[in-house]
Each structure stands twice: as C-alpha cells, then as structure tokens.
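Colleague: Below are the sequence and a predicted model; questions follow.
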Amino acid sequence: MASGRIAGSVSAEAAILTAQDLVLKHNERVLLDHASFGLGPGDRVGLVGRNGAGKSTFLRILAGELQPDDGLITRQRGTIVGYLPQTFELAPEQTVYDAVREGGRHVLDLIHEYETLPGHTRRHEELEEQIVHQDGWNLDTRIRTALNQLSCPPDDRKIGQLSGGEKRRVALARALVAQPDVLMLDEPTNHLDTDSVEWITTFLASYPGGLLVVTHDRHFLDQVVNGIVELRNGVFERYEGNYTDYLVARAEKLASEELVEHKRQMFLRKELEWVRRRPKAQTSKSKARLDRFFETEADAPPATEVDMDLIVPPPPQMGNRVVDLDKVTMDFGNKPLFTNLSHVFANGTRIGITGRNGLGKTTLLKLILGELKPTGGEIRIGQLTRFNYVDQSRLQLRDDRTVLDEVSDGTEWVQWGETKLSLRGYLKRFLFTDDRITAAVKWLSGGERSRLLLAKVLKRGGNFLILDEPTNDLDLPTLRVLEEALISFPGCVLVVSHDRYFLNRVCTGILAFEGQGRVVFSEGNYDYYVDKKKRTEAALSRPAPAASAPRSNPVAAAVAPAPAAPAKPKGRKLSFKEQRELEGMEPLIQSTEAEIVKLEAQLASPEFFKTQGARANAVITELESLKEKTAKLYARWEELEALRAQSA
C-alpha cells in the first residue's frame, strides 16, 4: 500500500484509532516510513511481519509508551485503550485477584463516582449510561470467568511469588476484563495451554470493540481476525479476511509483482540495445523514448525477502530402539501426574504433546532425558539415541556479547553431518546478516533473540529433538521454515506446543494429557485427535434407546405374578461388509486429511502461484471436494460406531 494511506477497512473519519504518516528510525534502520493505519469498531486485525519489522514498537506508539519521529496518533473522544505488551509490569505485593481487578479501574472509578453522587442529577444519569455501555455491573463476573478460563493461580497468591508464565496469564486476564474500546494484544497465546487458547479464541472472535493483535498463532488468526495488516518495508498493507485468505492474496500479489518486474527487465533489455546505438538525430520522439528508458531503469524492483534455510543439522545414525516407555508412572507429592504410560518412540516419528498446564508435560520430557526418575515403570533408551533439548525457558543470552560470540564455543566451525560449516555461514541460515552477526545481543529484537537461541542450541546436533514450546516469539516466516525443517528431519521429534497450526503441520501422532492421570496417544495430527475425542464423548453420552413398554392391564396386573425383568433389546449386528468398512474408516480419513493438508500447503506457498498459478482454481475445487468427502466419512463412521455400540 502506498505510504500515507490508511491501512484499514474504515475511513479516517470512521476510525476510533488512527495513525497518520508515522516515521520512526532506529539507528540506521527505518521501521516506519510515513505509515498510516486505522482501526474501527468491530475491526479485528492481525498485525504480521518479520521479526524486527517494528510490530511491537508500533503497538507501543499506539499505547502512548513511545513517540514516533514524525506523524500523528488520534483517538475518538472518550476512547478507552487496553494494551498487553510482551514485557509488562505487575505490582509484586498485589494478589492475583486485585491485579486482575485493576484492569477494570476505569469502570470502578465510574461506579465509585456514581455511588457517591446524589440521584436525579445529569451527571448521575451520564455515569449510569457509561457503566451500562461498558457492562460495568458484570465486572466481577468477568473477572471470575477470566481467572478460571485462563487457569490463573489462586486469588490470594502474591504476584511476586508467580512464575513468568503465571504472571502473563494474570496480565492477560487483566487486559480482557476491562473490555476497552480498543484492545491491543502482543503475543496473547504465549504460555497458555490448549484449553485456555480455545477459550480466548472464542472470546475474541466476537469482541465488540476494535482488536489489534500481534501473534504467531495461525489457528488463532484464522478463527479470530477479519483482516490482516502486514508491516512490510516500513508501510502497512491491508488484506481482508483471516490468515488463510491473507496467504492466498499475498501469494497472488507477489506473483503479480514478479510478473511486473519480469516485464520491466524485458523492456530494459530491449531498450538497452536502442540506447547503445543512440540515434544521432535527437528528435522529440527519440528523446521521449530515452527519458522513458531512464525512468524505467530508475524504478526500484520489488523488495525481495530472504527466508531461513533448513536449520536442523543432519542427525547421527539412530539404532533400532529409540526410547521405550513401559507402564511409566509419575507422582507429584501424593498426586499422580500420570499412570501406566506406555509408548514406543520410533525413528521418523514426530510426536506432539498437548494438555492443560500442570498435568506433567514438561515432567515427561525430564523423565525421558533422565533428569527425573519415575515413580513406577521403566524407561529404556537406545544406545545410539542422542538427545537435543530446547527447554521452555531456553538458555540465557548475555546482552554485552555479540551474536557471533554467543554461538561460538571457541571454534569457528559447526559440525554439519559429515562436513563442517563456518559459524558465519551457519548464522546466515538463521537470517543474521553480516552487520547483525557482529551486533550486540542487547540490540536484537525478540524474534532475533529467539532465532539466536535456536541457533545456539540446535548446533549441538542429536537424533532425538525435544522441543518445549518452540514457537513462542518466532515470526510466521521463521515458523514455516522451522516446520519444514522438522518435517524433513530424519530422526525423532518430540514437541510440547499449544500451537494448533504447528501441531497439525508437523506431527504424526499426539500424546494428549487429559487430566486425572490419563494420557492418550492418537495417530495423526491434532485436529484428528480432537475430532476423534469429540466422537468418543458423544457416543458415551448418547442415551441407550428405550424399549417400547407394553400396554398395562390393571386387572391382570392385580392377579398376575410380577414379570421377570425383560432382556435388554439388542440392535442388529454389523454385517461382515460393514465391519470391514468400519475397520478401514480411520486410515481412510487419515489419508484424505493428509491430502487436504498437502493441497492447503500448496495454496499457502508463493512458489505455487509463481509456477503453477493456472492450476489454482482446479486445486481449490479439489480441496473443497476432499473436505466434503471427509465430512461424509466422519458421518458414516459415527453411524457405524453407533450400530456397533447398540449390538454390544
């Protein structure tokens, strides 16, 4: 989008929050180049862009925490803005409940003034209207709901006693209960378990005010936002729809830019021959042609974006046994985290671990690594298994050191399979340019720090990767490359994540911590596990069909002996053909869903539109057909399962 225009679905007059012609430079880098943005009521916008592009900085400007070098921020009168930054402050002496309640301070102040004023005054009526408009009388209910749904610590716990993840959940609850006119969230799903992410996704999908969110969670973006704004080359570009719509539209846009650039280069090559001949007669026609050549030559080509290369070093050889869990039990105090967990990790598998916080996901990782001993059962590790663990808190970086110094362990080389790779070449695979390789860590953005931590840990190699929440703080392009690297990794991968999109793309199986010591393994990706769980719960909750009672005869009932209890009626049994159909239903659904994932990945790839754009409509038609087929397969599966349950 051209600089100076409003990147939003509303006009500048209708917007409740507007940024006009913002300019911001950091050292020599231009983060905002006369960038303009508008947010209106009902706008739910996802702000995307590469790490270091300035997304979090822009939110700080809108929140009034940072001043731009130039430009103007305007709000409609009386607009209340709520903001959850990546780095926040909570009073350590406050309790959890008081900290969350502080999010509704503007409502509490209105209620306090309302209760101290005499009735039947104009101000009293105005305050009542404002309180009703902001749903102020239900503030305590909203607080209780947010605390429960986000799995916050007990009400009376002091903030100073909480972990970083617990503090973030409290800060998120505080931002949500305010229900401001404009809500800005920077990575709201970090440190949340899957259930909490689902709740906040549902909550925000119908948020009545304006919502601006920075997040790497693509499932969240697909379910919540109605527009995507990309911060690219210092300006904002608006795309209507959710994240999937954005991927398709952006791929088409990039393909169009490539076509324009190709035509420009063809024109320049053709005209260059004419320019070199330079006709002696300087007619007005030849001069105009010459001017056109130099104008076209001066036009800058579209900015190219460089993606990370595959970042996981080739693993050493794996043995027949990788890791075997045999009836593993782990207690925490007198409370069992999980009991009798058995699973065989095989080479080439990628297992995702999901479940609410506190159920033992990270504990399982530490048991496998040998950092903890199980209460019961046995863990057998293969002789050739070599672990590489990226933990949730990651390693600590020292701000005063350079990027190169942080990764170097006294050598200038990294072992890359059978060969060696220079340390600088290795860092360039993580998108560190020469100037950033020699920059101090303290000048890195949050995403650059995450890439540096990954580079530091992954260079150790290993054939069994264990990743605990690896997607936190990574930008979307880096996430896609990490996914591709893990998918092509020939060893074994075990990953804890709440990122549903990530789990769907990467995992071949799911270990789900469902509570009460229960851990369930499901083949396939996360969506398949969720659908299977819902069908199982529906089948268990479905009441058995009631037998039709015969008409009573009061006279016979008076003289006849009490009849024996009637035998339980049985439904018809599955035929041999239906039994075979039921047995083959699960793998058939898995293969169909795998085709859907494959086609969706094609449509999400800019390369597809560049090289096979003419096939786009055919692929979309095939994708819709497969989705319809999958829905029918699920319906048939449920029907056959119901018949089998009745005949049992």
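Modeller: That came in fine, so what should we check first?
Colleague: got the contact list for Phe332?
Modeller: Listed by CB atoms under 8 Å, 6 or more residues apart in numbering, the contact set of Phe332 reads Gly360, Thr363. To be clear about C-beta, it is placed using only N, CA and C from the backbone, and glycine gets the same treatment.
Colleague: For it, give the beta-bridge partners.
Modeller: Lys335 (DSSP bridges).
Colleague: what does the model give it for pLDDT?
Modeller: The model reports Phe332 with a pLDDT of 82.
Colleague: Could I get the full set of strands for the stretch 401-550 of the chain?
Modeller: 413-416, 419-422, 464-468, 492-496, 509-515, 518-523 (DSSP state E, counting those that start in this stretch).
Colleague: Out of these, which gets the lowest mean score?
Modeller: strand 413-416 (a mean of 79).
Colleague: counting contacts, what elements does that strand pack onto?
Modeller: Judged by 3 or more CB pairs under 8 Å, 6 or more residues apart in numbering; DSSP states H and E, strand 413-416 is in contact with strand 419-422, helix 423-428.
Colleague: Report the buried residues of the last one.
Modeller: This means helix 423-428. Leu423, Arg424, Tyr426, Leu427, Lys428 (16 or more other CB atoms under 10 Å).
Colleague: my hunch is that Thr18 is in a strand, does that hold up?
Modeller: Yes. Thr18 forms part of a strand when assessed by DSSP: H, G, I helix; E, B strand; the rest coil.
Colleague: Neighbours of it, how many?
Modeller: Here the count is done by other CB atoms under 10 Å, and Thr18 has 23 residues near it.
Colleague: Centre of the chain to the longest helix along the chain, how far?
Modeller: Determined from DSSP state H, the single longest helix within the chain is helix 243-277. Between the centre of helix 243-277 and the centre of its chain there are 32 Å (CA atoms, centre = their mean, to the nearest Å).
Colleague: For that helix, name the packing helices and strands.
Modeller: Using 3+ CB pairs under 8 Å, 6+ apart, helix 243-277 is in contact with strand 44-48, helix 218-224, strand 227-232, strand 235-240, helix 284-298, helix 576-604, helix 606-612.
Colleague: circling back to that earlier point, out of the strands of the stretch 401-550 of the chain, which is closest to Lys263?
Modeller: strand 419-422 (38.8 Å; CB to CB).
Colleague: Could I have the CA atoms of the closest one written out in PDB?
Modeller: The C-alpha trace of strand 419-422 is given here as PDB (Å, rounded to 0.1, in the frame of the first residue of the first chain):
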ATOM      1  CA  THR A 419      31.100 -31.900   6.800                       C
ATOM      2  CA  LYS A 420      31.800 -28.600   8.600                       C
ATOM      3  CA  LEU A 421      30.100 -25.300   8.200                       C
ATOM      4  CA  SER A 422      31.600 -21.900   9.100                       C
END
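Colleague: Sheet partners, orientation included, of that strand?
Modeller: When DSSP bridges is applied, strand 419-422 pairs with strand 413-416 (antiparallel).
Colleague: Identify the residues contacting the strand it pairs with?
Modeller: By CB under 8 Å, 6+ apart, strand 413-416 touches Pro313, Pro314, Lys420, Leu421, Ser422, Leu423, Tyr426, Lys459, Gly461.
Colleague: per-residue pLDDT, the second one?
Modeller: Each residue has a pLDDT score; the one for Pro314 is 80.
Colleague: for the contacts of strand 413-416, which one is nearest Ser163?
Modeller: Distances from Ser163 to the contacts of strand 413-416, taken by CB to CB, are shortest for Lys459, at 28.3 Å.
Colleague: what's the spacing between that closest one and Leu423?
Modeller: 9 Å (CB to CB, to the nearest Å).
Colleague: shared neighbours, these two?
Modeller: Val407, Val414.
Colleague: wait, what's in contact with the spatially most central residue of the chain?
Modeller: The residue lying closest to the centre of the chain (CA atoms, centre = their mean) is Asp217, at 1.3 Å. Contact analysis of Asp217 by CB under 8 Å, 6+ apart lists Thr189, Val197, Thr471, Asp499, Arg500, Tyr501.
Colleague: Now restrict those residues to buried residues only.
Modeller: Counted by 16+ other CB under 10 Å, these give Thr189, Val197, Thr471, Asp499, Arg500, Tyr501 as buried.
Colleague: Identify the farthest-apart pair in those.
Modeller: That would be Val197 and Thr471, which, of the buried ones among the contacts of Asp217, are the farthest apart (CB to CB) at 11.9 Å.
Colleague: Now tabulate the helices and strands packed on strand 413-416 in a markdown table and tack on distance to Glu371.
Modeller: Conversion of the helices and strands packed on strand 413-416 to a markdown table gives the following (distance: least, CB to CB, whole Å):
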| stretch | distance to Glu371 |
| --- | --- |
| strand 419-422 | 30 |
| helix 423-428 | 28 |
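Colleague: Could you point out which of the ones you listed sits nearest Met330?
Modeller: helix 423-428 (37.3 Å).
Colleague: Point out the other elements, helices or strands, that that closest one touches.
Modeller: helix 403-407, strand 413-416, helix 434-437.
Colleague: closest one to His124 among the strands of the stretch 401-550 of the chain?
Modeller: That would be strand 509-515 among the strands of the stretch 401-550 of the chain, by CB to CB, at 49.0 Å.
Colleague: And for that closest one, what's in contact with it?
Modeller: So strand 509-515 is contacted by 338, 343, 349-356, 359-361, 364, 503, 519-526, 528-529, 533 (CB under 8 Å, 6+ apart).
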